[in-house]
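Structure, please.
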Amino acid sequence: MALAIAVSLTSCNGENQAEQASQTATKEESTVNNTDLQKYNSVFYDYFDTVTEFLVYAKDEEEFEKYKNILEDELSKYHKFFNTYYDFEGVNNVKTINENAGKEPVEVDPAIIELLDYSKEIYDYTDGKINMALGNLISLWHDYREEGLADEANAKIPSEEELKEAASHSDINKIEIDHEKNTVYITDPNVQIDVGAEGKGYAIKKIEEKLREAGLEHGILSIGGDDVLIGKNPDREDGLWRIAIQNPDLKSKNPYASIIGLEDTTVVTSGDYQRFYKVDGEVYHHIIDPDTNYPSKYFKSVSVVHPDIALSDALSTYLFTVDFETGMKVAEEYGADVLWIDYEDNYYMTEGYGKLEQKSEK
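Numbering: from 1, shown residues only. Here you go, the predicted model:
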């Protein structure tokens, strides 16, 4: 979880966190580098089952409302299209595709086709670790987690037989995409699509593009904690947004694991401390390692800084499920700055991440 200290955006259900925003837009004067700009905040609760926080520096309220309306329209669209849990009238979404697995192709909006194409690319980039066809296995853990949270005294984990059966239906090649007809067909009735590792980040990337095209030059968009930092921070001489990464040790007196200074980039954290339940004192979180069929046990927290929010989102999950040596090679390959925190509270970081920490302290 990351917290934008200088500008205030607070937590959501996701891994990052940025400035406390009110339900209605609020305004403050920006007094440092751009005295003609005013600071506006707004928050939305109805999309992606999390909190969206939006901070904008604009010349007036009319300009802010323009960006706010674009954001809400795009949030609504992608929330419906990429949803795996809910139906929406007149919309064929990922849930619709899953419900028709083994039955028939489903015609969908091109935005869903684009996401699934991207998901296949991520599958290749990560040697199959990030696999949208793992929905059956992920849903199994999700159901046990929900039951365990509802009845902690009787919380259980799936049996080995259940895990093996669910994992046996995870062949991404069973997801057939017809680009001419805009249809998706899952040929195995037991394969289910889950885009939790890449769907939100991909949607945020498309939303960010819309906002920039509309003229937004300074602001923060935080959706479930995936943070996009647009341009420079007008309230600081150095132009940096100060971002605090949450300490995954929730019992620690220090709430922050790291503070970094960033501009015009993105930051995403994956951690074991947000969506989890306990069985016999053992923590079982939501990030599943397909090599073991169990929640990954390499790290408590992985934070990724990269200009592409879609890649930051996917990489934060991938790097959470591989060892440090592998992760460092991948981080260098993609030019990502990364902080890892393991179960012994050891901190590891790329050289670039270390430089970001030094900047934030000046």
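
didn't Asp308 look like it was pressed against Tyr202?
No. Between Asp308 and Tyr202 no contact is recorded; they are 10.0 Å apart, counting by C-beta atoms under 8 Å. Any C-beta I mention is one placed from the backbone N, CA and C, and that applies to glycine too.

So those two - more neighbours on which side?
It is Tyr202, of Asp308 and Tyr202, that has more neighbours when counted by other C-beta atoms under 10 Å, with 23 against 17.

residue contacts, that one?
By C-beta atoms under 8 Å, 6 or more residues apart in numbering, the contact list for Tyr202 reads 114-115, 118, 195, 310, 313.

Just confirm it is within a strand.
No. Looking at Tyr202 with DSSP: H, G, I helix; E, B strand; the rest coil, it is helix, so not inside a strand.

do you know how far it is from Ser76?
For Tyr202, the distance to Ser76 (C-beta to C-beta, to the nearest Å) stands at 16 Å.

Ala101 too?
Taking C-beta to C-beta as the measure, Ala101 falls 26 Å from Ser76.

out of those two, which sits in the busier spot?
Between Ala101 and Ser76, counting by other C-beta under 10 Å, Ala101 is the more crowded of the two (23 against 14).

quick one, what contacts the more buried one?
For Ala101, the residues meeting the contact criterion (C-beta under 8 Å, 6+ apart) are 186, 188-192.

can you redo those residues as TSV with pLDDT, secondary structure and distance to Tyr40?
Conversion of those to TSV gives the following (pLDDT from 0 to 100; DSSP: H, G, I helix; E, B strand; the rest coil; distance: C-beta to C-beta, whole Å):
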residue	pLDDT	secondary structure	distance to Tyr40
Ile186	98	strand	43
Asp188	97	coil	48
Pro189	97	coil	49
Asn190	96	coil	48
Val191	98	coil	44
Gln192	97	strand	40
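
Show the buried residues in those.
With burial judged by 16 or more other C-beta atoms under 10 Å, the buried subset of these is 186, 188, 191-192.

Could you identify the most distant pair in those residues?
Taking C-beta to C-beta as the measure, the buried ones among the contacts of Ala101 span a maximum distance of 9.4 Å, between Asp188 and Gln192.

Name the residues contacting each of the two.
The overlap between the contact sets of Asp188 and Gln192 (C-beta under 8 Å, 6+ apart) consists of 101, 169.

Please identify the helix or strand for Asp73.
When secondary structure is defined using DSSP states H and E, the element that contains Asp73 is helix 61-81.

give the contact list for the nearest residue to Lys77 once chain neighbours are set aside.
Across the structure, with C-beta to C-beta, 6 or more residues apart in numbering as the measure, the residue nearest Lys77 apart from its sequence neighbours is Ala111 (7.3 Å). The contact partners of Ala111, taken as C-beta under 8 Å, 6+ apart, are 77-78, 81, 206.

where does the stretch 1-150 of the chain have low pLDDT?
Residue ranges of the stretch 1-150 of the chain with pLDDT under 70: 1-35.

cool, the stretch 251-362 of the chain as well?
Along the stretch 251-362 of the chain, the parts satisfying pLDDT under 70 run over 358-362.

which residues of it fall in helices?
Here the stretch 251-362 of the chain has its helices, by DSSP state H, counting those that start in this stretch, at 309-320, 324-334, 351-361.

winner for burial among those helices?
Neighbour counts (mean count of other C-beta atoms under 10 Å) averaged over each of the helices of the stretch 251-362 of the chain peak at helix 309-320, with a mean of 27.

Distance from the chain centre to it, please.
Taking C-alpha atoms, centre = their mean, to the nearest Å, one finds helix 309-320 lying 8 Å from the centre of the chain it belongs to.

and Asp46, helix, strand or coil?
strand.

How about the contacts made by it?
For Asp46, the contact set (C-beta under 8 Å, 6+ apart) comprises 75-76, 79.

Which one of these is nearest to Ala214?
The closest of the contacts of Asp46 to Ala214 turns out to be Leu75 (C-beta to C-beta; 14.6 Å).

you'd agree that closest one is up against Phe54?
No. Judged on C-beta under 8 Å, Leu75 makes no contact with Phe54 at a distance of 9.7 Å.

Overlap in contacts, these two.
Jointly contacting Leu75 and Phe54 under the rule C-beta under 8 Å, 6+ apart are Phe44.

of these two, who's got more company?
Neighbour count, other C-beta under 10 Å: between Leu75 and Phe54, Phe54 has more, with 27 against 21.
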